[in-house]
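>>> turn this into a structure:
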Amino acid sequence: MKEIVDKVGGLDVHRDTVVACSRVRERDGTVTFTKETFSTTRKGLESLAQFLIDAGVSTVVMEATG
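Alright, predicted model coming up:
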C-alpha cells in the first residue's frame, strides 16, 4: 500500500477510552509509532488533542462501533 501522508493518527473510540496511535515518517525516512490511551472526559480529550498536535499529525482516521 502506498503511503500518502507522512504524519497520521488513528483513533479507536470506546465508551470510556480512546486509543490513539500516531505514525510519523521523519525526513531521514525513519518511522516512529506511538500509542496512548486517553479517557473520554474533557481533560482526557484535551490530552488526546495535545498528543496529536505534539506528533505533528495533520490527518486522523477513526474507528468506532456502537
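>>> switch to C-alpha atoms for all contacts and neighbour counts from now on
Will do.
>>> how about the strands of this protein, start to end?
With DSSP state E, the ranges of strands along the chain come out as 7-13, 17-25, 31-39, 59-64.
>>> could I get these as CSV with mean neighbour count and mean pLDDT?
CSV is the format used below for the strands of the chain (neighbours: other CA atoms under 10 Å; pLDDT from 0 to 100):
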stretch, mean neighbour count, mean pLDDT
strand 7-13, 19, 95
strand 17-25, 19, 96
strand 31-39, 14, 97
strand 59-64, 12, 90
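>>> need those strands in TSV (columns: distance to Phe51).
Below are these laid out as TSV (distance: least, CA to CA, whole Å):
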stretch	distance to Phe51
strand 7-13	10
strand 17-25	9
strand 31-39	9
strand 59-64	12
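>>> surely Thr59 touches Ile4?
No - between Thr59 and Ile4 there is no contact under CA atoms under 8 Å: 10.6 Å.
>>> find the centremost residue of this protein, please.
In the chain, the residue lying closest to the centroid (CA atoms, centre = their mean) is Gly9, at 3.3 Å.
>>> would you mind confirming that it makes contact with Asp54?
No - assessed by CA under 8 Å, Gly9 is found out of contact with Asp54, at 11.5 Å.
>>> identify the residues contacting stretch 16-25?
Contacting residues not belonging to stretch 16-25 are listed as 6-13, 31-40, 48, 52, 55, 57 [CA atoms under 8 Å, 6 or more residues apart in numbering].
>>> that'll do, ta.
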